[in-house]
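S.K.: need coordinates for the below:
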Amino acid sequence: MSTLLWPGDHRAGSLMSDAALVEAMVAVEQAWLDALVATGVAPESASRHRLSADSRSEASVSADSALDPAEVEAGGNPVIPLVRALRAALPDHAAPWVHRGLTSQDVLDTALVLCARDAVEAVRRELGDQITLLVALAEEHRETAMLARTLTQPALPTTFGAKAATWLHAVLDADDALAALRWPVQLGGAAGTLAAPVELAGVEGGRQLRGLIAAGLDLDGGAPWHTRRTTVTALGDAAVTATDGWGRIANDVLALGRPEIGELRDGSAGGSSAMPHKANPTLAVLVRRAALAGPPLASTLHLAAAAQVDERADGGWHVEWQTLALLLRRTVVAAAQTTGLLRGLGVDTDRMAAHLAAFEDDLLAEQRSVAAVTGRPPAATYRGLVDDLIDEALVRARTRLKEHP
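M.R.: Below you'll find the predicted structure:
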């Protein structure tokens, strides 16, 4: 995840990073150890030393020091060296209980869910700001007349408020998709049967362990999903719903921001390394980049889901990790960049009016043909139900803002 080859990556901070993953994996191991103690499987003394990803803690690990890349490769996943490091940091009476009854996929899947939840929360905060900005745009430009274009050609009269309302619906659709996500714990044991937890705690104890680890991590319970990857594909689809919507906004800004059109302006416009006269629409370009990059990553997640086999998959699971991390991190970056694009957007109402006037007679050809069929004279304006459509978007947005986190 290069900040040089993906400009703006710094906006995502530590989200979906190695450090965040280690912290999440340690949290899963701690929640399981607490559950073992709570059910009487592990001795009370096992919980006296808290597991941590903080280097200042006695029983700690870090992505830099404890998880050697060669050891991660040797085991095929980072959980194996993590468990080794945690056990080595604990006294003999506690060490054997770390990870006892879990499998690597339980820990890694659950940790990725925790990391993904943090990323989605960051995206939804940006979406809340975008909804507010788009409501203001739709209201301000309800009567700003402009040219509607279809297949790149002049089509009919519309308003910029109507265009902003269309953007707003796309942003609301993205928020809907992200709000609908569920955050399930992964707990199945070696083959998804929970055999080891039952062996440790008995049938009723095994049932208690399932509830305790979910509650300890504030996650949903449910059946193991080792080879049922809808949790992951739903995350990918929701992320791409967001980047699709933002890409549509960026495309409009890029097309209508061409100097020969000049109806919109990307306020972030940067310079050119070679041409002093240029003002490149930087944020719009970067948002469009994310929209183009997202679908292939989501497609990989679906391919991985289709490749699941037996009770634990060979390769289909492994390809998800970096793919999901990359997609969600880029979505966080694109969310912040879209907010910046909307906040700095320039609207040239005079250019909109001039372009509309230049084609006005042609734009009303459909109106004249429809009026001829009805036998009535043409209406004073030909905007249809644009006001109703704007109001529908505004009502939906205001309802969402009341509920938004």
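
S.K.: for the residue nearest in space to the middle of the chain, grab phi and psi.
M.R.: Centroid-nearest residue in the chain: Ala239, 3.9 Å away (criterion: Cα atoms, centre = their mean). Main-chain torsions, Ala239, degrees, to the nearest 10: phi -60, psi -40.

S.K.: ok, for it, nearest residue in space, not its chain neighbours?
M.R.: Thr331 (4.4 Å; Cβ to Cβ, 6 or more residues apart in numbering). Just so you know, the C-beta spots here come from the backbone N, C-alpha and C atoms, and that holds for glycine as well.

S.K.: tell me the spacing between the one you found and Val287.
M.R.: According to Cβ to Cβ, to the nearest Å, Thr331 stands 11 Å off from Val287.

S.K.: and what of Thr150?
M.R.: 23 Å.

S.K.: and for Asp34?
M.R.: 43 Å.

S.K.: neighbour count: those two, which is higher?
M.R.: Val287 (30 against 18; other Cβ atoms under 10 Å).

S.K.: give the contact list for that one.
M.R.: When contacts are counted by Cβ atoms under 8 Å, 6 or more residues apart in numbering, Val287 touches 246-247, 249-250, 334, 337-338, 341.

S.K.: now Ala223
M.R.: Contacts of Ala223 (Cβ under 8 Å, 6+ apart): none.

S.K.: quick one: it is in a strand?
M.R.: No: counting by DSSP: H, G, I helix; E, B strand; the rest coil, one finds Ala223 to be coil, located in no strand.

S.K.: give me the number of residues near His169?
M.R.: Counted with other Cβ under 10 Å, residues neighbouring His169 total 17.

S.K.: next one: Ser369
M.R.: 9.

S.K.: gap between the helix or strand encompassing Leu341 and the chain center?
M.R.: Using DSSP states H and E, Leu341 falls within helix 320-343. Between the centre of helix 320-343 and the centre of its chain there are 6 Å (Cα atoms, centre = their mean, to the nearest Å).

S.K.: and that helix, what does it pack against?
M.R.: Here helix 320-343 touches helix 104-140, helix 230-256, helix 282-306, going by 3 or more Cβ pairs under 8 Å, 6 or more residues apart in numbering; DSSP states H and E.

S.K.: and of those helices, who's closest to Leu364?
M.R.: helix 230-256 (21.9 Å; Cβ to Cβ).

S.K.: tell me the mean pLDDT over that closest one?
M.R.: What helix 230-256 shows for mean pLDDT is 98.

S.K.: which strands border the helix or strand following that helix, and is each parallel or antiparallel?
M.R.: Sequence-wise, the next helix or strand downstream of helix 230-256 (DSSP H and E) is strand 264-265. Applying DSSP bridges, strand 264-265 is found paired with strand 346-347 (antiparallel).

S.K.: contact partners of the strand it pairs with?
M.R.: 137, 141, 144, 160, 263-267.

S.K.: average pLDDT across the helix holding Leu341?
M.R.: Helix 320-343 comes out at a mean pLDDT of 98.

S.K.: got the angle for that helix vs helix 230-256?
M.R.: 30 degrees (axes from the mean of the first three to the mean of the last three Cα atoms, to 10 degrees).

S.K.: tell me the helices in the stretch 51-200 of the chain, going along the chain?
M.R.: 69-75, 79-89, 104-140, 160-179, 195-216 (DSSP state H, counting those that start in this stretch).

S.K.: now those as TSV including distance to Thr381?
M.R.: Shown next, in TSV, are the helices of the stretch 51-200 of the chain (distance: least, Cβ to Cβ, whole Å):
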stretch	distance to Thr381
helix 69-75	65
helix 79-89	64
helix 104-140	18
helix 160-179	13
helix 195-216	57
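
S.K.: quick one: closest of those helices to Ala255.
M.R.: Here helix 160-179 is closest among the helices of the stretch 51-200 of the chain (Cβ to Cβ), at 11.5 Å.
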